[in-house]
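Asks: sequence unavailable; structure follows:
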């Protein structure tokens, strides 16, 4: 038996695991999405989804919410990452760690903290559901936007900026035409870390006493109603959105470091 | 240039304030008898007494930690084996591993939790009380990150060391254990830590697959915000503060050790140059 050991065989347990717990659930989702409660195949679930103004409205609302969240995250994260990466202060590592640290504090506790603060400021949280959702999502996902942008900017060769100014570019031009394009991979991987969770993380909304629905909430409510077909339909629609998004945005590159792996 | 020197610290300060204001304000009020923040309040350790003496809370915290460690161990074993196997497979097989491994990474956790629950509980009829769906489900979101942190370490390794071990008479399995594993250890360790933090942070997989009587910190906190028990609600402020303090201490420790390492490296280089 000793002679038959090959290193590639080590992967067998993980391959089986992926087959059973990643591939098979997807197959089951597809099967449930394309059958109705009595098990008859068809596309009725999708027709229901796209003709019901409520569910269709939820889809549009979640896309809009995710877009707004992503933009605001970018507006805060880019200057922060830029300032940190370009500064010459010695405690860079410590400040980066402070910005990333919330990733490692349970998000439900962080949202609890945010909820208490917002309640103090606003009084009744239910009055501003959209604003609160955006604030909550931004608060939750901001570190995931800062880290990839910071990593990308600090990888850029700074002598390119000097070259730009030697060639007559002012600071604004050097930023817009050299630094910004070179930092785009970081921006893109940040967007891909924020946009999809912002469409689905309905707990943030629930905890902020929100009655608005996003795509994730639909899965939650179908689940509570034991409607596996409805839940699977939403899941499949989300999967298609994720696929399109991944294809358009591209980057699975850098994704690996985004959850704080590069800091650890 | 002078203008920049004010702007940079200001931006960093504002962002850090945005991030930490809620946590710090909550931490402040966790040491008072207030039931909502902003209220006039007196110093009190009642929340911490409740946190550490309520059996329900203690059990929930112990359960969450045990689950996180268990899931992380399982994920580390599976992810490391997967990285090894895929690294030494043919390119086509490697890319299949990579693509399937990427699915839970890019997928929404709601979808992962829901689909694993449907497969295991509805199709296979496995009882949630066995903890099997919960552990298997959380491993789905953790193991891919172990794979991703181990795989690059294999690429950085000198492949001839393994060959040398074989030439010196080690069997392939001994060579993997004694030569390859030690070299990729940093990747395995950071994968393990990541798996622990992912499990601790998970809400969606847990809520769809956990036994009804079991709660993780996430599911417990979410239920508590819906509930009306004020003493539990404010005890969770204390929990948030304790976790914040622990994470802060770990981060400071890590920062110290990396800057020490950098210093040592710099010293070594200086000595080498001299």
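Replies: Nice, thanks for sending it over. For clarity, every value in this text was computed on a predicted model and none was experimentally measured.

Asks: state the pLDDT value of whichever residue of chain A sits closest to chain B.
Replies: Chain A approaches chain B most closely through residue A:11 (1.5 Å), counting by CB to the nearest CB. (Each C-beta comes from the backbone N, C-alpha and C, glycine too.) The model reports residue A:11 with a pLDDT of 92.

Asks: same question for residue B:177.
Replies: 90.

Asks: and residue B:229, by the same measure?
Replies: So residue B:229 comes in at 81 (pLDDT).

Asks: quick check: chain neighbours aside, which residue is closest to residue A:79?
Replies: residue B:11 (5.2 Å; CB to CB, 6 or more residues apart in numbering or on different chains).

Asks: secondary structure element holding that neighbour?
Replies: Using DSSP states H and E, residue B:11 falls within helix B:2-30.

Asks: in that helix, what's buried?
Replies: Using 16 or more other CB atoms under 10 Å in any protein chain shown as the test for burial, helix B:2-30 gives B:8, B:11-12, B:15, B:19-20, B:22-23, B:25-27, B:29-30.

Asks: is it true that the residue of chain A closest to chain B touches residue B:97?
Replies: Yes - shown here, residue A:11 and residue B:97 form a contact pair, counting by CB atoms under 8 Å, at 6.9 Å.

Asks: overlap of the contact sets of the two?
Replies: By the contact definition CB atoms under 8 Å, 6 or more residues apart in numbering or on different chains, residue A:11 and residue B:97 are jointly contacted by B:82, B:85-86, B:89.

Asks: could you dump the residues you listed into JSON lines with secondary structure, distance to chain A and pLDDT added?
Replies: Listed next are the shared contacts of residue A:11 and residue B:97 as JSON lines, based on DSSP: H, G, I helix; E, B strand; the rest coil; distance: CB to the nearest CB, whole Å; pLDDT from 0 to 100:
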{"residue": "B:82", "secondary structure": "helix", "distance to chain A": "3", "pLDDT": "96"}
{"residue": "B:85", "secondary structure": "helix", "distance to chain A": "2", "pLDDT": "94"}
{"residue": "B:86", "secondary structure": "helix", "distance to chain A": "5", "pLDDT": "94"}
{"residue": "B:89", "secondary structure": "coil", "distance to chain A": "4", "pLDDT": "91"}
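
Asks: in a markdown table: those residues, plus neighbour count.
Replies: Formatted as a markdown table, the shared contacts of residue A:11 and residue B:97 follow (neighbours: other CB atoms under 10 Å in any protein chain shown):
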| residue | neighbour count |
| --- | --- |
| B:82 | 27 |
| B:85 | 22 |
| B:86 | 26 |
| B:89 | 20 |
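
Asks: from the residues you listed, which single one is nearest residue B:247?
Replies: residue B:82 (28.6 Å; CB to CB).

Asks: nearest spatial neighbour of that closest one, skipping sequence neighbours?
Replies: Using CB to CB, 6+ apart, the closest residue to residue B:82 is residue A:14 (2.8 Å).

Asks: quick one: the one you found from residue B:87, how far?
Replies: Using CB to CB, to the nearest Å, residue A:14 is found at 12 Å from residue B:87.

Asks: who has more neighbours, these two?
Replies: residue A:14 (26 against 22; other CB atoms under 10 Å in any protein chain shown).

Asks: I figured that one hits residue B:78, correct?
Replies: Yes - using CB under 8 Å, residue A:14 is in contact with residue B:78, at 4.9 Å.

Asks: shared neighbours of these two, which are they?
Replies: residue B:143.

Asks: can you map out the helices along the chain?
Replies: Using chain A. A:12-18, A:24-33, A:44-51, A:53-86, A:92-100, A:107-122, A:129-155, A:159-166, A:171-174, A:180-200, A:202-207, A:215-224, A:228-249, A:255-258 (DSSP state H).

Asks: that was the other one, I meant chain B.
Replies: B:2-30, B:46-53, B:55-87, B:91-106, B:109-117, B:132-156, B:159-167, B:172-175, B:181-201, B:204-209, B:217-226, B:230-273.
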